[in-house]
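Student: Starting from these lines, generate the structure:
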Amino acid sequence: MTFSSQTTASTKPVLVKVFIAAMFEIGANSGDKAGEFQHWYQRYFKDSRSITVKGALKPIYCNNNGVCGAVLGMGKVASSASMQAILLNNKFDFSSSYFILSGVAGTPPSQGTIGDVSWGSWLIDYDLGHRWAPEEGELGAATFMPRKGYENIRRYQLNPLLVNWSMALTSDVTLKDSPQAQSYRMRYPQATARRLPKVLTGTHMTGDTFFHGPGLSKEAQYITELYGADDYVATEMEAAAITQVISRTHGTQRILSLRGSVNFDQGNPNETTLAHLDPAPGETAGGFAETVENIVLVGAKVTDHVVKNWAVWQQGVPAPK
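Tutor: Coordinates of the predicted model:
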């Protein structure tokens with residue numbers, strides 16, 4: 001049976017056990033090429049009621065087991081504005097919710113490969129700081145400096161216990177792959193770039209700037225080291241901003257960032273950065289369809305575990321067994 005916000009039998013808020021946030025969908029929620037939300041929708045929400053929230057980009061879907069999800073929009077402003085509207089809406093009870101911030105990403109070839117799925121251990125805002133043109137600074141020196149006043153919002157360490165739980169539940173998930181992605185990986189000399197996809201963990205770098213190329217990738221790694229975080233394994237556009245919004249009302253202890261790698265953040269040694277950023281037809285990485293499916297294969301393991309064991313998880317992240 002399908003419900004809508006107009007036919008809800010009770011005004012009692014929905015107790016949200018797990019909230020799944022995707023950033024975009026290519027078309028419909030089913031029946032066409034899948035973006036970030038379609039596989040989540042098919043698994044959890046195809047028979048669920050939709051709830052319209054003023055200020056949110058798309059409707060929120062909730063099933064009878066306390067799993068809710070929505071497409072929030074791409075980039076920091078769109079995604080965090082939607083999240084704020086949803087959190088402040090009295091149709092939902094987020095007092096004990098877990099949040100999975102889910103989407104595709106890029107990865108440096110030294111840390112990951114196409115098809116990987118990673119849990120973020122740290123979230124870093126790439127844009128909060130000072131930058132200058134390389135020729136206007138010291139030769140070979142970094143071109144980034146943190147700006148004072150952003151100390152509490154430029155980085156977030158996600159709950160290590162929750163991240164460890166997620167890795168323990170998903171590290172053995174068999175990920176999907178494609179012949180096109182396998183062939184594309186061989187253009188790169190790094191052993192990590194050439195391997196098969198797997199589940200891993202590391203820093204997720206949030207930036208509205210779609211930074212690209214070995215120089216800016218090196219700068220991103222410099223920032224992670226400057227902030228005392230883990231090596232960065234994913235470049236994305238939303239997680240740190242959404243986390244800032246959630247932290248204001250619910251803290252950060254129940255937030256997970258889940259990203260699937262659909263591109264490298266730089267070209268191989270035989271192509272320029274611009275050529276890699278704007279590839280010719282037939283020169284793309286491949287593996288997008290498999291990666292968006294991988295994200296849900298991994299994320300669903302944690303979602304289902306939390307819901308199945310809600311009596312324990314509602315109280316907080318349990319100690320490891």
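Student: Could I get the pLDDT score of the residue lying closest to Ala28 once chain neighbours are set aside?
Tutor: Spatial nearest neighbour of Ala28, excluding adjacent residues (CB to CB, 6 or more residues apart in numbering): Gln38 at 7.8 Å. Every C-beta, even on glycine, is put in place using the N, C-alpha and C of the backbone. In the prediction, the pLDDT value recorded for Gln38 is 97.
Student: can you pull the buried residues of the lengthiest helix in the chain?
Tutor: In the chain, with assignment by DSSP state H, the single longest helix is helix 288-308. Along helix 288-308, these residues count as buried under the neighbour rule (16 or more other CB atoms under 10 Å): 288-307.
Student: what number of residues lie near the residue nearest to Ala28?
Tutor: 23 (other CB atoms under 10 Å).
Student: Hmm, it is touching Phe45, no?
Tutor: No - with contact defined as CB atoms under 8 Å, Gln38 does not count as touching Phe45 (10.1 Å).
Student: any common contacting residues for the two?
Tutor: Asn29 (CB atoms under 8 Å, 6 or more residues apart in numbering).
Student: For Gly106, give me phi and psi.
Tutor: phi -100, psi 170 (degrees, to the nearest 10).
Student: Can you give me the distance of it to Phe264?
Tutor: Noted for Gly106: a distance of 6 Å to Phe264, by CB to CB, to the nearest Å.
Student: likewise Asp278?
Tutor: Taking CB to CB, one finds Asp278 at 14 Å from Phe264.
Student: And Ser5, what's its pLDDT?
Tutor: Reported pLDDT for Ser5: 41.
Student: What of the one 10 residues further on?
Tutor: According to the prediction, Leu15 has pLDDT 97.
Student: who's in contact with it?
Tutor: With CB under 8 Å, 6+ apart, Leu15 has these contacts: Gly66, Asp93, Ser96.
Student: quick one: the nearest residue to the second one once chain neighbours are set aside and Gly287, what's the gap?
Tutor: To tie it back to what came earlier, the one meant is Asp93. Nearest residue to Asp93, sequence neighbours excluded (CB to CB, 6+ apart): Pro13, at 4.1 Å. In this view, Pro13 and Gly287 are 40 Å apart by CB to CB.
Student: These two: which is more packed in?
Tutor: Neighbours were counted for Pro13 and for Gly287 using other CB under 10 Å; Gly287 has more, 27 against 13.
Student: Just the element for the closest residue to the more buried one other than its chain neighbours, please.
Tutor: Nearest non-adjacent residue to Gly287, counting by CB to CB, 6+ apart: Ala181, 3.3 Å away. Element membership for Ala181, per DSSP states H and E: helix 179-185.
Student: now that helix: mean pLDDT?
Tutor: 96.
Student: What residues of that helix count as buried?
Tutor: In helix 179-185, counting by 16+ other CB under 10 Å, buried: Gln180, Ala181, Gln182, Tyr184, Arg185.
Student: now the contacts of Leu15 in TSV, with neighbour count and distance to Ile60?
Tutor: Output for the contacts of Leu15, formatted as TSV (neighbours: other CB atoms under 10 Å; distance: CB to CB, whole Å):
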residue	neighbour count	distance to Ile60
Gly66	19	13
Asp93	14	13
Ser96	16	17
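Student: which among those gets closest to Trp165?
Tutor: Ser96 (16.0 Å; CB to CB).
Student: so how far is Gly137 from the closest one?
Tutor: Following CB to CB, the distance that separates Ser96 from Gly137 is 48 Å.
Student: and stretch 298-305, what's its mean pLDDT?
Tutor: So the average pLDDT for stretch 298-305 ends up being 98.
Student: Same question for stretch 45-65.
Tutor: pLDDT averaged over stretch 45-65 gives 96.
Student: okay, how far is it across it, tip to tip?
Tutor: Start-to-end span of stretch 45-65 (CA to CA, to the nearest Å) is 10 Å.
Student: neighbour count winner among Gly106 and Phe264?
Tutor: Phe264 (27 against 23).
Student: Does that one touch Gln111 like I think?
Tutor: No - using CB under 8 Å, Phe264 is not in contact with Gln111; the gap is 10.0 Å.
Student: can you map out the helices along the protein?
Tutor: Under DSSP H, the chain gives helices at 38-40, 76-87, 160-170, 179-185, 191-194, 214-226, 239-250, 273-277, 288-308, 310-313.
Student: for this structure, what are the low-confidence residue spans?
Tutor: 1-10 (pLDDT under 70).
Student: which parts of stretch 195-213 are buried?
Tutor: Under 16+ other CB under 10 Å, the buried positions of stretch 195-213 are 197-207, 211-213.
Student: what's the most distant pair in these?
Tutor: Val199 and Gly213 (27.0 Å).
Student: still on that earlier bit, how about the contacts made by the residue nearest to Ala28?
Tutor: Glu25, Ile26, Ala28, Asn29, Ser30, Asp32, Val292.
Student: Same question for Met23.
Tutor: Glu36, Val71, Leu72, Gly73, Met74, Ser79, Ser102, Gly103, Met237, Glu238 are the contacts of Met23 under CB under 8 Å, 6+ apart.
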